[in-house]
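>>> What shape does this take:
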Amino acid sequence: MKKIVVIGAGIGGLSAAYELREKLGKNAAITVVSNSPIFQFVPSNPWVAVNWRDSKEICVEVEAPLRKKNIEFNASGLKKLEPENKRLELGDGSELSYDYLILATGPRLAFEEIPGLGPEGHTQSICLVDHAERAREAWDNFIKNPGPVVIGAAQGASCFGPAYEFAFIVDAALRKLKIRDKVPMTYVSPEPYVGHMGLDGVGDSKTLLESEFRERHIDWIVNAKISDISEGKMAVAECNDSGEAIKQHSLAFDFSMILPPFTGIDPLRDIDGLVNPRGFVVIDKYQRNPKYPEIFAVGVCVAIAPQKPTPVATGVPKTGYMIESMVAATVENIAADIEGKLPEAEATWNAICLADMGDTGIAFVAIPQIPPRNVTWARKGKWVHMAKIAFEKYFMHKIKTGNTAPLYEQQIFKLLGIDKLKN
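Below is the predicted model:
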């Protein structure tokens, strides 16, 4: 019986565990290792931060549903990986060996790279549900005495959709409270232009998002490097196309949410041949690491180089559908290897992103995610808000029940009302 270990209990890790059990039946011993007993639906964290969701609505304890599928679970986290020995040391001191390993760890949040960044400093985060809860406390205090707001992402961030989303949600929340007129807002980002999103834009995303910022009176600074954050003050260098600082900004704020730089997690950072210099896992087109082909990786921990370099460092995002396609390919290729066959399954690296804006939303589709593309598409409408709620319900149901049916492209396109788009 093959031993398969999955590191991570997010969308990628749990989907992989459930789909492996469905594919392999009783012919594999599957263990999920996480540093938390809780699954959290991260895309809903912006709603938690402004009191539009209770964190309990987007969290599930995963041990019980996993054990119903005969999948072992350990919540002590990964302490050390020895790929030469196919051995894992866990946070509780126990050890695991494996025949196949799936890394679905998500990122390490590198707040320390910028002085004063993050919940332990002077800005908020929505990357984790406990961060969102702390942001909610800061928000509740802020709306009693409103002032300037700065929202965005730091250099080295790999996911920009939530920053845009949170800026628009904050704008909508302030309008509902009838205090928007008391709050100057600024969006700060290392992106070379508004709407880049780490994807070199999607369709006419630049014009679309700039228009939304203007309509909502949100200023912006792009090609931005944040150098230091103190209480109520953010030092930002605006750079030219060569990455050289051409203007210094000192931004006052009473509330700020800045997405941090991402790296790979610490237990993987120094393993030669497994990860790139930032600690992200190197994979081939079959989701396998070239040096250690029994190790697969899915999701945010995967190393994807930007198609074009940017003046200020930006990473490449991995959306939910893209992660599911990575999982599907990984499961097929592990099953093939067990049967002595060569891997053939490849993930469809297509980006499908729903950005809620509180009272409306924008949907982006890029096929494939990395240019040049066959399809680029972006649309705005109230239906996007409803579609995101539908995705939340889908993923929460999947995690609670162990449903193994992934959201395939055609289902998503039908839900978005663009079922003919692919053709």
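>>> quick one: the strands in the stretch 201-350 of the chain?
218-221, 224-230, 233-239, 245-252, 255-259, 262-263, 295-297 (DSSP state E, counting those that start in this stretch).
>>> Just the endpoints, please. Distance across stretch 291-301?
Taking C-alpha to C-alpha, to the nearest Å as the measure, stretch 291-301 stretches 17 Å from start to finish.
>>> what sits up against it?
The contact list for stretch 291-301 (C-beta atoms under 8 Å, 6 or more residues apart in numbering) reads 8, 10-13, 16, 83, 86, 98-107, 158-159, 262, 264-265, 268, 273-274, 280-281, 283, 287-289, 318, 323, 326-327, 330, 333-334. Yep, even glycine has a C-beta here, placed from its N, CA and C like the rest.
>>> at 7 Å instead, please
Contacts of stretch 291-301 with the rest of the structure, by C-beta atoms under 7 Å, 6 or more residues apart in numbering, involve 10, 12, 16, 83, 86, 99-107, 158, 264, 273-274, 280-281, 283, 287-289, 318, 323, 326-327, 330, 334.
>>> which of these count as buried?
When the contacts of stretch 291-301 are checked for burial by 16 or more other C-beta atoms under 10 Å, the buried set is 10, 12, 16, 83, 86, 99-107, 158, 264, 274, 280-281, 283, 287-289, 318, 323, 326-327, 330, 334.
>>> For stretch 85-97, list the C-alpha coordinates in PDB.
Taking C-alpha atoms only, stretch 85-97 is exported to PDB below (Å, rounded to 0.1, in the frame of the first residue of the first chain):
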ATOM      1  CA  ASN A  85      15.100   9.800   2.800                       C
ATOM      2  CA  LYS A  86      11.400  10.500   2.000                       C
ATOM      3  CA  ARG A  87      11.000  11.400   5.600                       C
ATOM      4  CA  LEU A  88       9.100  14.200   7.400                       C
ATOM      5  CA  GLU A  89       9.500  15.500  10.900                       C
ATOM      6  CA  LEU A  90       6.300  17.100  12.300                       C
ATOM      7  CA  GLY A  91       5.800  19.800  14.900                       C
ATOM      8  CA  ASP A  92       4.800  17.300  17.600                       C
ATOM      9  CA  GLY A  93       8.000  15.400  17.200                       C
ATOM     10  CA  SER A  94       6.500  12.500  15.300                       C
ATOM     11  CA  GLU A  95       7.900  11.300  12.000                       C
ATOM     12  CA  LEU A  96       6.200  10.200   8.700                       C
ATOM     13  CA  SER A  97       7.700   8.400   5.700                       C
END
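>>> for that stretch, what is the average pLDDT?
When pLDDT is averaged along stretch 85-97, the result is 98.
>>> And the residue sitting furthest away from the middle of the chain, how far from residue 21?
Using C-alpha atoms, centre = their mean, the residue of the chain lying farthest from its centre is residue 340. It sits 34.1 Å away. To residue 21, residue 340 is 21 Å away according to C-beta to C-beta, to the nearest Å.
>>> repeat for residue 69
Noted for residue 69: a distance of 5 Å to residue 21, by C-beta to C-beta.
>>> do the same with residue 88
As judged by C-beta to C-beta, residue 88 and residue 21 stand 20 Å apart.
>>> And residue 368, by the same measure?
Taking C-beta to C-beta, one finds residue 368 at 29 Å from residue 21.
>>> so where's this structure shaky on pLDDT?
Along the chain, the parts satisfying pLDDT under 70 run over 404-423.
>>> Quick one: distance of stretch 281-296 to the chain centre.
Stretch 281-296 sits 21 Å away from the centroid of its parent chain (C-alpha atoms, centre = their mean, to the nearest Å).
>>> oh, and call the first residue 239 from now on, that's how I've got it
Sounds good: first residue 239 from here, last item stretch 519-534.
>>> okay, how far is it across it, tip to tip?
End-to-end distance of stretch 519-534: 9 Å, with C-alpha to C-alpha as the criterion.
>>> for the residue lying closest to residue 394 once chain neighbours are set aside, what are its contacts?
Nearest residue to residue 394, sequence neighbours excluded (C-beta to C-beta, 6 or more residues apart in numbering): residue 499, at 3.0 Å. With contact set as C-beta under 7 Å, 6+ apart, residue 499 has these partners: 348, 351, 392, 393, 394, 395.
>>> just residue 315 next, same as before
Going by C-beta under 7 Å, 6+ apart, the list of residues near residue 315 reads 271, 272, 273, 328, 329.
>>> what do you get for residue 408?
Counting by C-beta under 7 Å, 6+ apart, residue 408 touches 288, 387, 389.
>>> Cross the residues you listed against strands and list the overlap.
Among the contacts of residue 408, the residues falling in strands (DSSP state E) are 387, 389.
>>> Turn the contacts of residue 408 into CSV, including neighbour count and distance to residue 585.
As requested, the contacts of residue 408 are arranged in CSV below (neighbours: other C-beta atoms under 10 Å; distance: C-beta to C-beta, whole Å):
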residue, neighbour count, distance to residue 585
288, 23, 34
387, 22, 37
389, 29, 31
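>>> tell me which of the contacts of residue 408 is nearest to residue 367?
Ranked by distance to residue 367 (C-beta to C-beta), these are led by residue 288 at 13.9 Å.
>>> quick one: which of the strands of the stretch 439-588 of the chain is nearest residue 403?
Minimum separation from residue 403 across the strands of the stretch 439-588 of the chain (C-beta to C-beta) falls at strand 493-497, 10.6 Å.
>>> on contacts alone, who are the packing partners of the closest one?
Counting contacts by 3 or more C-beta pairs under 7 Å, 6 or more residues apart in numbering; DSSP states H and E, strand 493-497 packs against helix 367-380, strand 387-391, helix 399-414.
>>> Of those, flag the one that's most buried.
Ranked by mean neighbour count, the helices and strands packed on strand 493-497 are led by strand 387-391 with a mean of 27 (mean count of other C-beta atoms under 10 Å).
>>> List the pairing partners of it within its sheet, with orientation.
strand 423-426 (parallel), strand 493-497 (parallel) (DSSP bridges).
>>> Now do the contacts for residue 348.
Residue 348 is in contact with 394, 498, 499, 500, 501, counting by C-beta under 7 Å, 6+ apart.
>>> quick one: which of these has the most company?
residue 498 (26 neighbours; other C-beta atoms under 10 Å).
>>> Which helix or which strand is home to the nearest residue to residue 417 once chain neighbours are set aside?
Excluding its sequence neighbours, the residue lying closest to residue 417 (C-beta to C-beta, 6+ apart) is residue 384, at 5.1 Å. Residue 384 belongs to no helix or strand when assigned by DSSP states H and E.
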